[in-house]
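Q: give the three-dimensional model of this entry:
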Amino acid sequence: MKAARTGPNAFTLEFESEDELREEHRANLSQGGVRLPVADRPALFARAELTLRGPSGREARVKGTVVAPLPDGVALSFEGDADALLAALLAAPAGRESPGRDVSDWDRLRGMSRTEKLLYAPRAERNERLVLVQDPDPQVLYALLKNPRLTVDEVARVAKSAYLTYQTAELILKTTQWAANVEIRTALVHNPKTSPTFALRLLPTLPEAELKAIARGAATSMALKAAALKRLQGGV
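A: Prediction:
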């Protein structure tokens, strides 16, 4: 793994092998952080722009904050979905699928217009869906749920999204295989964007451990916390 400063607040971090990238994802990226081994260390709490480069040459850009000094550099907390980053960096070399293109799925999809995203989401591949699930347009999330290849873990990501809407939550609950999944129901209950009506309806279907967590203060509303306490105490 090689890092270099490319500007006052800009750095590149290049992974030389897939194993190296996957290990960094396991140890740090999946937790929302990244190790930046540079001798010219930025100041603690400084904002930084980081270009990540995968072993195939694919790139993804993130913004982050320096959160701790390390013996060989600093630790950054970054903004973005770690799994989407991993997928983008592990994608085939630019130009293999589409000659003449030299952009990552990350950059290409984020550069689409709203209409293009809405039309593309129902047929997007998994790597592309990992990018689209972060889109701030709630209608893109709704369109993504129409993709027949969507997996349960991807639906759980939608259920956790800060851009969840009533319509999106309703579609999830109307789809039997998704509504039957405990992880998805739990994500919906914990999401502050889920309407109280939906959350209260789902509460009785959660495991006791989740009810205890909500009762201890993990609830998004006092009504939800009170309902969890009541169920734990033997109420209806």
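Q: packing partners for the helix or strand encompassing Arg35?
A: Secondary structure assignment for Arg35, by DSSP states H and E: strand 33-36. Applying 3 or more Cβ pairs under 8 Å, 6 or more residues apart in numbering; DSSP states H and E, one finds that strand 33-36 contacts strand 10-14, helix 18-27, strand 47-53, strand 59-70, strand 73-78. Just so you know, the C-beta spots here come from the backbone N, C-alpha and C atoms, and that holds for glycine as well.
Q: now do 7 Å
A: Counting by 3 or more Cβ pairs under 7 Å, 6 or more residues apart in numbering; DSSP states H and E, the packing neighbours recorded for strand 33-36 are strand 10-14, strand 73-78.
Q: the longest one versus strand 47-53: what angle between them?
A: Between strand 73-78 and strand 47-53, the angle formed by their directions is 90 degrees, by axes from the mean of the first three to the mean of the last three Cα atoms, to 10 degrees.
Q: strand 73-78 pairs with which strands, parallel or anti?
A: Each strand paired with strand 73-78, and its direction, by DSSP bridges: strand 33-36 (antiparallel), strand 59-70 (antiparallel).
Q: so which residues of this protein form helices?
A: Taking DSSP state H as the criterion, the chain carries its helices at 18-27, 82-90, 105-110, 114-120, 126-132, 138-144, 152-160, 166-174, 176-179, 182-190, 196-202, 208-213, 222-232.
Q: lowest average confidence across those helices, which one?
A: Summarising mean pLDDT across those, the least confident stretch is helix 105-110, with a mean of 76.
Q: so what touches it?
A: The set of residues external to helix 105-110 that reach it, using Cβ atoms under 7 Å, 6 or more residues apart in numbering, is 60, 84, 88, 91, 127-128, 131-132.
Q: domain boundaries for this protein, per the record?
A: Dividing the chain into domains by automatic domain parsing, as the record does, gives the ranges 2-90, 112-232.
Q: want to try CSV for these, with mean neighbour count and distance to Trp106 as columns?
A: Supplementary listing: these in CSV, determined by neighbours: other Cβ atoms under 10 Å; distance: least, Cβ to Cβ, whole Å:
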stretch, mean neighbour count, distance to Trp106
domain 2-90, 17, 4
domain 112-232, 17, 5
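Q: still on that earlier bit, what mean pLDDT does the strand holding Arg35 have?
A: The average pLDDT for strand 33-36 rounds to 90.
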